[in-house]
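structure for this input, please:
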Amino acid sequence: MTETPSSHLETPRFLDAGEAALVVEFGATVDPAVNDRVLALDAALRARTPEGVTETVPTYRSLMIHYDPLTLDRGALVEAVKGLSRAEAAERAPGRAWIVPCCYEPAFGEDLAEVADKVGLTPDKVVALHSGAEYRVYMYGFAPGFAYLGGLPQALGLPRRPTPRPPHSEGALMIGGGLAAVASFPMPTGWYVLARTPERLFSARRDPTFLFEAGDTLHFEAVDAAAFAELDARAGAGEVVARLVEPQA
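Here you go, the predicted structure:
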C-alpha cells in the first residue's frame, strides 16, 4: 500500500470480520483525509460507546469495531455508526507534533547506502529528504508499538525487498513501498533501515504504553552516535526523549 491522492467513499462501506467485528471502510488509499474520517469516528465511538462495543481498532482507511453480538445487534451497530454526526466526530482533538531524535550513521542506518544507490541519490541527500519531511502516524500494527507512517518524500518511494533482510535493531526507522515506519522490536523485515531512534514507542512500564497516537505528526532530528548513546540510556531508564512541539498561540 502506497500513499496516493485521496480516494474516499462518500458513504462508508460496512463489512463483517467474522461474527463479532464490523469494519467501517472510508476509502481505498493512504490519505490524510480518509484517515481523518477513521479517527473522527473512533473518537466519537469512544466518547459515546454503544453498549456491547468492546474495542475499536483504527487503520489507514477503516475502523474495525469489535462487539458482543449477544449484547449488540449488527444492524443496531450500523445504525449507531450512521447516526454519529460530523459535528460529533469533529470533537476529536488535533494530533500532537513530535520531534524524534535519530542517528543515520552507518552503524544505525544499515541500509542507507543501499537505498541511496537504488534511488540514485547520495546518502547525505537521502538523509536530508528523510529528516526534512513531516510524517503522520496512521496506525499501529504488526507488533506492539510498530508505527506505520505516511509522508515519505516521493524520491524515496522504492518497493520493499523481495525477501526479508536479517533482523534490525529496536527503534529502526524504515522505508518501503512508498511508506515509512518505526519498529519497536528487532525482527527480520522487507523494509529498508535508514536510521534508529533511541525513543521507545512501546513500553509496558509507561502510561501511555504507546507513546504516539494515530493522527500525531513526527519530525526526525539527526543526532550523532555519542548523543544517541546518551539519549538511549535516558530512554532505557524510562524517560521520554522525543519532544513535543508546543502549538503556536
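
now stretch 19-35: buried residues?
20-32, 34-35 (16 or more other Cβ atoms under 10 Å). (C-beta placed from N, C-alpha, C; glycine too.)

identify the residue nearest residue 20 in space, chain neighbours excluded?
Leaving out its chain neighbours, the residue that sits closest to residue 20 by Cβ to Cβ, 6 or more residues apart in numbering is residue 69, at 5.6 Å.

which one among the buried residues of stretch 19-35 gets closest to residue 11?
Nearest to residue 11 among the buried residues of stretch 19-35 is residue 26, at 9.5 Å by Cβ to Cβ.

next, the contact list for residue 101, please.
The contact partners of residue 101, taken as Cβ atoms under 8 Å, 6 or more residues apart in numbering, are 197-199, 220-221, 223, 227-228, 231, 241-242.

and if you look at residue 201?
Taking Cβ under 8 Å, 6+ apart, we find residue 201 in contact with 145-147, 171, 182, 184, 210-212.

buried subset of the residues you listed as a ChimeraX selection?
Selection of buried members from the contacts of residue 201 for ChimeraX, criterion 16+ other Cβ under 10 Å:
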select :145,146,147,171,182,184,210,211,212
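
which of the contacts of residue 201 sit farthest apart?
Most distant of the contacts of residue 201, by Cβ to Cβ, are 171 and 210, 14.3 Å apart.

so for the longest helix belonging to the chain, what gets flagged as buried?
Secondary structure of the chain read by DSSP state H shows that its longest helix is helix 32-47. Buried positions in helix 32-47, judged by neighbour count with 16+ other Cβ under 10 Å: 32, 34-45.

thinking again about what came up before, mind putting the contacts of residue 201 in TSV, distance to residue 113, secondary structure and pLDDT included?
Shown next, in TSV, are those (distance: Cβ to Cβ, whole Å; DSSP: H, G, I helix; E, B strand; the rest coil; pLDDT from 0 to 100):
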residue	distance to residue 113	secondary structure	pLDDT
145	27	coil	88
146	25	coil	93
147	25	strand	96
171	20	coil	95
182	21	strand	97
184	25	coil	91
210	32	strand	93
211	30	coil	94
212	29	coil	95
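
can I see the domain layout of the chain?
8-89, 97-244 (automatic domain parsing).
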